[in-house]
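In: coords please:
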Amino acid sequence: MKSKAAVGVIIVIAAIVLLSGCFTLKPNNTALVVRFGKVISSTDVDGLHFRVPFIDNVVTIYTGDYFYDIPTSDVITSDKKSMIADDYLIWNVTEPLKYYQTLGAVKGRAEERIEAAVFNATKNTISSMTQDEIIAARGSLLRSMITKASNSDISQYGVNIKVAEIKALDLPDDNKEAVYERMISERNNIAAGYTAKGKSEAQKIKNETDKEVAEKKAEAEKEAAKIRAEAEAKYMQILADAYNSEDKAEFYDFIRSLDAIGSLKSGNNKTIILDKDSEFAKILYGK
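Out: You can find the predicted model right below:
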């Protein structure tokens, strides 16, 4: 019975030892195996792993994304205007060994360094720009500038800032109204400038169009006068060819006389008074 009990105890102890030497790694994690304060191995492969029981310690480091909302801070622009910046960032561990060696793999320590780096990057970025430039550059430009500057300060800790963005960049309450009024005035001046420029361009186009129309009209009238002159000359040539003999000329004069008589009659007055010695009278009398 004693031997069976001893075997049972040995089996239990062996199971405990075996189980204490196993550890499981989940996705987006890296395990550092530490022996006597020194990292002897690391792995980021999911699944079951082993270590030397009671001698090796396992430090598990999450390598996925962390979200950190930074407290608001006052910043000064290059034109000495005060603004309030409210930042947030997304960061992760890119070098687990360096992260463990410099910060002990403590998330709170990492965020202290990151907060300081982002604050300094935000302050330096804002202080290099005027207030108007900052307002115009909200978004991708500021995000890129701050993220790049922040990473240059924290790369030594084995962490990386993926996004550092100003989610709110506001004015202090005591000068909001004055700044808004100035911005409205500036925008109105810009709008007035665009309006004046548009009217000037419109008048220029109108003047050019009127000039083009006048030139084309003058050209058309000149061409019309030329055509009329050519037509009249042609007409006169036809008449000259048609009445190029004395008999034809007399007939032409006769026809013209009849036309003239017809044009003298108007309204209901059909009476024509002729001198007895006139050519018309001679024609009518058959002389």
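In: where does the stretch 151-287 of the chain dip in pLDDT?
Out: In the predicted model, the stretch 151-287 of the chain carries pLDDT under 70 at residues 172-183, 186, 235-236, 239-287.
In: can you map out the helices along it?
Out: Secondary structure of the stretch 151-287 of the chain by DSSP state H, counting those that start in this stretch: the helices cover 176-242, 246-264, 279-285.
In: packing partners for the longest one?
Out: In terms of contacts (3 or more C-beta pairs under 8 Å, 6 or more residues apart in numbering; DSSP states H and E), helix 176-242 is packed against helix 131-136, helix 246-264. Glycine gets a C-beta too; all of them are placed from N, C-alpha and C.
In: residues in contact with Thr72?
Out: For Thr72, the contacting residues are 84-86, 168, by C-beta atoms under 8 Å, 6 or more residues apart in numbering.
In: again, 10 Å this time
Out: Going by C-beta atoms under 10 Å, 6 or more residues apart in numbering, Thr72 touches 84-87, 167-168, 170.
In: So, low pLDDT: which residues of the stretch 1-150 of the chain?
Out: The stretch 1-150 of the chain contains residues with pLDDT under 70 at 1-20, 138-142, 145.
In: Please, where are all the helices along it?
Out: For the stretch 1-150 of the chain, applying DSSP H, counting those that start in this stretch gives helices covering 2-20, 96-103, 107-127, 131-136, 140-154.
In: List the buried residues in the second one.
Out: It refers to helix 96-103. For helix 96-103, a neighbour-count test (16 or more other C-beta atoms under 10 Å) marks 96, 99-100, 102-103 as buried.
In: Out of those, which is nearest to Ile205?
Out: Lowest distance from Ile205 to these (C-beta to C-beta) belongs to Tyr99, with 66.4 Å.
In: ok now do that closest one, which residues does it touch?
Out: Applying C-beta under 10 Å, 6+ apart to Tyr99 gives the contacts 30, 32, 59, 61, 63, 93, 105-107, 109-110, 157-159.
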